[in-house]
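A.B. asks: Here's my sequence, what's the structure:
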Amino acid sequence: MNENQLVVIDQGDLAVAGIPSASVTQRSRGLLLRMFADPNVLEQHERRDLVSELRATVALHPDIAELRVVLGMALCVNLEVQPAIEELRTAVAMAPQSFLAQLKMGELWMRLRVADKAEEHTRQASLLAANRAQVELARTQAATIRTMRREGIERGGYRLPVLSLARLRSVGRWARQQLARYAGAKRVETPVRVTSG
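C.D. replies: Down below sits the predicted model:
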């Protein structure tokens, strides 16, 4: 990485990406730093502007895999899932030995509850980890994926639908009991009219 590249750092002091500084405005640099610190602080128009500028930057520098990773992350923050998958997939294909590309691809699959793919990319990232911070990031992500599997909240898992069905049955029982109480109370309160005739 040379001196005319912007290095974006996240809170774990992990160099996230080397971005050509001439291709990103000062405002976008600030948005990137805020996105890495807390993605929820970006307003909708800020996310949209950041994605737009990063797309233009990727078009100018299509051979920088880390830039595609950052674009994929920004797309995730902007809730554009399919384009994010494509950008991260391209980054992994371009740089299969990139810790960051593998880790972020695994994270996206984890957030989408696709545990097999998440586990595969996270395992690759852990094998590529070059320092303690990277090892810790991969370890934490792998632990989260194991928890997902154990608790059955992965997409295609069987425990969550069963739990939902059990909850629906209990709600149905409660609703029937409430209806029966209501109907019983109505019968008691309704005066009986006797007509002669």
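A.B. asks: so what's Gly72 up against?
C.D. replies: Shown in contact with Gly72 (Cβ atoms under 8 Å, 6 or more residues apart in numbering): 84-85, 87-88, 91, 104, 108. C-beta coordinates here come from the backbone N, C-alpha and C atoms, glycine included.
A.B. asks: of those, closest to Arg132?
C.D. replies: Lys104 (19.0 Å; Cβ to Cβ).
A.B. asks: Contact partners for that closest one?
C.D. replies: Contact partners of Lys104, counting by Cβ under 8 Å, 6+ apart, are 69, 72-73, 88, 91.
A.B. asks: quick one: which helix or strand includes it?
C.D. replies: helix 99-111 (DSSP states H and E).
A.B. asks: Show me the contact partners of the next helix or strand after that helix.
C.D. replies: Counting by DSSP H and E, the next helix or strand C-terminal to helix 99-111 is helix 115-128. With contacts defined as Cβ under 8 Å, 6+ apart, helix 115-128 is touched by 92, 96-99, 102-103, 105-107, 109-110, 112, 134-135, 137-139, 141-142, 145, 148-149, 154-155, 157.
A.B. asks: quick one: buried residues of the very next helix or strand once past helix 115-128?
C.D. replies: Following helix 115-128 in sequence order, the next helix or strand is helix 132-151 (DSSP H and E). Residues of helix 132-151 classed as buried by neighbour count (16 or more other Cβ atoms under 10 Å): 134, 137-138, 141-142, 145, 148.
A.B. asks: what packs against helix 132-151?
C.D. replies: With contacts taken as 3 or more Cβ pairs under 8 Å, 6 or more residues apart in numbering; DSSP states H and E, helix 132-151 sits against helix 99-111, helix 115-128.
A.B. asks: what are the C-alpha coordinates of it, in PDB please?
C.D. replies: Extracted in PDB, the C-alpha atoms of helix 132-151 (Å, rounded to 0.1, in the frame of the first residue of the first chain):
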ATOM      1  CA  ARG A 132      -4.300 -11.600  17.100                       C
ATOM      2  CA  ALA A 133      -7.000  -9.100  16.100                       C
ATOM      3  CA  GLN A 134      -7.900 -11.100  13.000                       C
ATOM      4  CA  VAL A 135      -7.800 -14.400  15.000                       C
ATOM      5  CA  GLU A 136     -10.200 -12.900  17.500                       C
ATOM      6  CA  LEU A 137     -12.600 -11.500  14.900                       C
ATOM      7  CA  ALA A 138     -12.800 -14.900  13.200                       C
ATOM      8  CA  ARG A 139     -13.100 -16.800  16.500                       C
ATOM      9  CA  THR A 140     -16.000 -14.500  17.700                       C
ATOM     10  CA  GLN A 141     -17.800 -14.900  14.400                       C
ATOM     11  CA  ALA A 142     -17.400 -18.700  14.400                       C
ATOM     12  CA  ALA A 143     -18.800 -18.800  18.000                       C
ATOM     13  CA  THR A 144     -21.800 -16.800  16.900                       C
ATOM     14  CA  ILE A 145     -22.400 -19.300  14.000                       C
ATOM     15  CA  ARG A 146     -22.200 -22.200  16.400                       C
ATOM     16  CA  THR A 147     -24.700 -20.500  18.700                       C
ATOM     17  CA  MET A 148     -27.100 -20.100  15.700                       C
ATOM     18  CA  ARG A 149     -26.800 -23.700  14.900                       C
ATOM     19  CA  ARG A 150     -27.300 -24.800  18.500                       C
ATOM     20  CA  GLU A 151     -30.400 -22.600  19.000                       C
END
